[in-house]
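Colleague: this is a predicted model, with the sequence first.
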Amino acid sequence: MIIQPFKIIAAILITGIILVSGCTSTPVQKEDEPTGLTELSFGYQPSTHQIAYMAADAKGWWLEDLAPYGITSTRDYLFPTGAPEMQAMLAGEIDVAYVGSTPPLSAIDQGLEAKIVAGAQTQGSDLVLATDLSYESPQDLVGLKIATFPTGTLQDTVLRKWLQDNDIDPKEDVTILGMGGANAITALASGNVDAVFLPHPNPTIIESEGYARVIVQSGEMWPNHACCVVLVSQELIDEHPDIVEQIVKTHIKATQYIIDNPDEAAQIFSDDIGVSYDISSQSIQDWDGEWVSDPNIEMDTALEYAKVQYDLGYTDKLLTKDDLFDLSFYNKVIAEMGEE
Amino acid sequence: MRRRKLELMSIASAIIIWEITARIINKKIILPSFTEVGAAFLELVSEGELYRDTITSLNYFAIGMGLAIAVGIPLGIMMGWFKTFDKAVDPIIEIIRPIPPLAWITFAIMWFGLTKYAAGFVIFVGAVFPILVNTYTGFRNTPRVLVESGKVLGCIKNRDLIFRIALPAALPAIATGVRVGMGVGWMCVVAAELFAVSTYGLGWKIWHWNSLHHMDMVLTYMLVLGLIALVIDRLFRYIVQEWWLKWQTGVVV
């Protein structure tokens, strides 16, 4: 048999070209889109902290309110924690992020251009300990494995600060393992970690299974600490301030709606995330969180987080109010509402 | 000497191109420059972090590789030598072998907990099959003439035939298997550390700094991972050539 290397090489090349052309055809279409902004993309997380986003989405308010500004569709991405959400924003995939107030810190420090334009909620995370372990004071946690969200997230920051305040070295005295909520629950259920510190509804989900109980709520660790915020990309602020203003308005409306209708908020959350209505409703009753839309409420602790993260070496510079917040939209909307 | 010069020039020009590209892009998040990565590296070395991370990762790697060698070589020998055993075991191995090592992570945690053994297990799954398959092939390819001459000279028992004739003949193939296995196993280190079995380790630190968007740190750890793999490979090749396969010198060259 005569070997024909050129035929083999040709076949490999053709296969390669076909495969590559399959991958590259998508971006070409993207460039053909009209230049005016018609689609907004949102990032959020499967937490009761961010029901305001889900409510406005379920009610169709985003599309309805933003239609006058040329927005014809919205797209949303669900993230397990804030860290990957900020990664997506850095890659330019997201315009508006419902996110904890700490993941933006390291992202902005490393070059993300975005600002917090509204608050979303305060407090609302619980430390949950396995039932067979006793708890009287924070010292009982020494030597335990605690799962929480990854480095730089709100839960990671609040937990480390609280341990430090109680003279427990978060690096040496306990083992803090960073992971998403679902993995943390599995790890606790299988006995691989002793405790978890997670945002709601996770603590309620765990308690309903019966193998662990809430021992400390985050409001006890750090009273009125800031939690989720609405973060908008600088590009959107600069090029479409009218859209950002409307986003803030709709967010205020949705926040007020879920405060007034907690049962419906539970239903919306249940429909969006797939957690049962009973658990969602129980979680909203149990948590110590509070839905807010005023960014001023979040400001003080957010700046303290910036200090904590700077001290931990997570950020290269100490971020200031002007690096993180743009209050002009909220103030303008509130002033207009007062006039009406 | 000329080869060394060429190697150095190639590395130097790659670094220069990298530095220039990074400066043109001028965004640390997209491509940190060589100087930024160098500074991050020095910082990690001076703080002693890098040393602790390397020891942690090598510990996982040693557990995984040790287990892979302890299981892969004997199993490969059995399958290569005993036909019935091969026929019985082969279908099971062929079903398990194509499963990507990362798919085992969930069970690794359930079986071994969030411990170094879970990470070691994932590395084991990645490394064991190349070792097994190469040992098997090495045994299968033992020249018949060697086995028959052995028999003529009074080496009749299976045990003697395996250890005195087939095993030495298969050594080059086994060495290749271990080398390939180490390569795959090292790649699994990053994945194994992804699920937080500790708060140290080269792979874990990639995820840690990735969460904080410090791309200079991420790239530093990536390069360290590459360099350590290179050192392990060179060291292994040296040991094999100097000791294990010393008899081979002169066979071909």
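Modeller: Thanks, I have it.

Colleague: at which residues are the helices of the stretch 1-150 of chain A located?
Modeller: With DSSP state H, counting those that start in this stretch as the criterion, the stretch 1-150 of chain A has helices at A:5-31, A:51-58, A:61-66, A:82-90, A:103-109.

Colleague: show me what the last one is in contact with.
Modeller: Looking back up the chat, that one is helix A:103-109. A:81-83, A:85-87, A:89-90, A:97, A:112, A:114, A:116, A:152-154, A:229, A:231, A:305-306, A:309, A:314-317, A:319, A:323-324, B:211-214 (CB atoms under 8 Å, 6 or more residues apart in numbering or on different chains). Where C-beta positions appear, they are placed from N, C-alpha and C, glycine not excepted.

Colleague: out of those residues, which are buried?
Modeller: For those, a burial check counting by 16 or more other CB atoms under 10 Å in any protein chain shown picks out A:81-83, A:85-87, A:89-90, A:97, A:112, A:114, A:116, A:152-154, A:229, A:231, A:305-306, A:309, A:314-315, A:319, A:323-324, B:211-214.

Colleague: ok, now how distant is residue A:153 from residue B:96?
Modeller: Applying CB to CB, to the nearest Å, the value for residue A:153 to residue B:96 is 37 Å.

Colleague: how about residue B:147?
Modeller: Going from residue B:147 to residue B:96 by CB to CB gives 30 Å.

Colleague: so which of these two has more stuff around it?
Modeller: Counted by other CB atoms under 10 Å in any protein chain shown, residue B:147 and residue B:96 do not tie: residue B:147 has more neighbours, with 15 against 12.

Colleague: quick check, that one in contact with residue B:168.
Modeller: No. Using CB atoms under 8 Å, residue B:147 is not in contact with residue B:168, being 11.9 Å away.

Colleague: point out the residues in the stretch 1-150 of chain A that sit beside chain B.
Modeller: Applying CB under 8 Å from any CB of the partner chain, one finds that the stretch 1-150 of chain A approaches chain B through A:83, A:86-87, A:90, A:106-107, A:109-112, A:145, A:147, A:150.

Colleague: tell me the two of the residues you listed that are most distant?
Modeller: Greatest spacing in these, by CB to CB: A:111 and A:145 (33.9 Å).

Colleague: chain A contacts on the stretch 151-253 of chain B?
Modeller: Within the stretch 151-253 of chain B, the positions adjacent to chain A are B:195, B:196, B:198, B:199, B:207, B:208, B:210, B:211, B:212, B:213, B:214, B:215 by CB under 8 Å from any CB.

Colleague: pLDDT wise, what is the second one at?
Modeller: In this case it means residue B:196. pLDDT for residue B:196: 61.

Colleague: before we move on, back to that, weakest of the helices of the stretch 1-150 of chain A by average pLDDT?
Modeller: Mean pLDDT is lowest for helix A:5-31 among those, at a mean of 60.

Colleague: hmm, back to that, just the ones in strands from the contacts of helix A:103-109, please.
Modeller: Mapping the contacts of helix A:103-109 onto strands (DSSP state E) picks out A:97, A:114, A:116, A:229, A:231.

Colleague: the helices in the stretch 151-300 of chain A, which residues?
Modeller: Using DSSP H, counting those that start in this stretch, the helices found in the stretch 151-300 of chain A span residues A:154-165, A:181-189, A:202-209, A:218-221, A:234-239, A:241-260, A:262-273, A:277-286, A:295-311.

Colleague: contacting residues for the residue lying closest to residue A:39 once chain neighbours are set aside?
Modeller: The shortest distance from residue A:39 to any non-neighbouring residue, by CB to CB, 6 or more residues apart in numbering or on different chains, is to residue A:73 (4.9 Å). With contact taken as CB under 8 Å, 6+ apart, residue A:73 is in contact with A:38, A:39, A:63.

Colleague: would you list the phi and psi of the first one?
Modeller: Translated: residue A:38. Torsion angles at residue A:38 (phi, psi; degrees, to the nearest 10) stand at phi -120, psi -20.

Colleague: residue A:111 and residue A:145 - which one has more neighbours?
Modeller: Between residue A:111 and residue A:145, counting by other CB under 10 Å, residue A:145 is the more crowded of the two (20 against 13).

Colleague: what's near enough to touch residue A:203?
Modeller: Applying CB under 8 Å, 6+ apart to residue A:203 gives the contacts A:125, A:126, A:128, A:214, A:283, A:286, A:287.

Colleague: could you dump those to a markdown table with distance to residue B:15?
Modeller: Output for these, formatted as a markdown table (distance: CB to CB, whole Å):
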| residue | distance to residue B:15 |
| --- | --- |
| A:125 | 45 |
| A:126 | 50 |
| A:128 | 49 |
| A:214 | 53 |
| A:283 | 53 |
| A:286 | 56 |
| A:287 | 53 |
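
Colleague: settle this for me: residue A:330 is touching residue A:117, isn't it.
Modeller: Yes. Contact criterion CB under 8 Å: residue A:330 and residue A:117 qualify, at 6.4 Å.

Colleague: joint contacts of those two?
Modeller: Common contacts of residue A:330 and residue A:117 (CB under 8 Å, 6+ apart): A:248, A:295.

Colleague: okay, residue 172: pLDDT?
Modeller: Just so you know, I chose chain A. 89.

Colleague: that's the wrong chain, I wanted chain B
Modeller: Note on residue B:172: pLDDT of 90.

Colleague: grab the nearest non-local neighbour of it.
Modeller: That would be residue B:245: by CB to CB, 6+ apart, it lies 6.1 Å from residue B:172.

Colleague: and the gap between the one you found and residue B:69?
Modeller: Using CB to CB, residue B:245 is found at 16 Å from residue B:69.

Colleague: looking at those two, which one has more neighbours?
Modeller: Set side by side, residue B:245 and residue B:69 show more neighbours around residue B:69, with 20 against 15, by other CB under 10 Å.

Colleague: surely the more buried one and residue B:131 touch.
Modeller: Yes. Contact criterion CB under 8 Å: residue B:69 and residue B:131 qualify, at 6.3 Å.

Colleague: got any residues that touch both of those two?
Modeller: With CB under 8 Å, 6+ apart, residue B:69 and residue B:131 have common neighbours B:178, B:181.

Colleague: report the closest residue of the stretch 201-340 of chain A relative to chain B.
Modeller: Of all residues in the stretch 201-340 of chain A, residue A:314 sits closest to chain B, at 5.2 Å by CB to the nearest CB.

Colleague: so what does that residue look like in phi/psi?
Modeller: Backbone torsions of residue A:314, given as degrees, to the nearest 10, read phi -70, psi -30.

Colleague: wait, what's in contact with it?
Modeller: A:105, A:106, A:109, A:151, A:152, B:212.

Colleague: cool, and residue A:141?
Modeller: By CB under 8 Å, 6+ apart, the contact set of residue A:141 is A:135, A:163, A:168, A:174, A:195.

Colleague: what do you get if the cut-off is 7 Å, keeping everything else the same?
Modeller: A:168, A:174, A:195 (CB atoms under 7 Å, 6 or more residues apart in numbering or on different chains).

Colleague: ok, longest helix in chain B?
Modeller: Longest helix in chain B, counting residues (DSSP state H): helix B:49-81.

Colleague: look up how far residue A:70 lies from residue A:61.
Modeller: Residue A:61 is 17 Å from residue A:70, by CB to CB.

Colleague: quick check: closest non-adjacent residue to the residue nearest to the spatial centre of chain A.
Modeller: Closest to where the C-alpha atoms of chain A average out (CA atoms, centre = their mean) is residue A:99, at 2.9 Å. Of all residues not flanking residue A:99 in the chain, residue A:82 sits nearest, at 4.7 Å (CB to CB, 6+ apart).

Colleague: my guess is the one you found contacts residue A:101, does it?
Modeller: No. Between residue A:82 and residue A:101 there is no contact under CB atoms under 7 Å: 9.1 Å.

Colleague: what touches both of the two?
Modeller: Shared contacts of residue A:82 and residue A:101, defined by CB under 7 Å, 6+ apart, are found at residue A:154.

Colleague: quick one on the thing from earlier: closest to chain B among the contacts of residue A:73?
Modeller: residue A:39 (24.0 Å).
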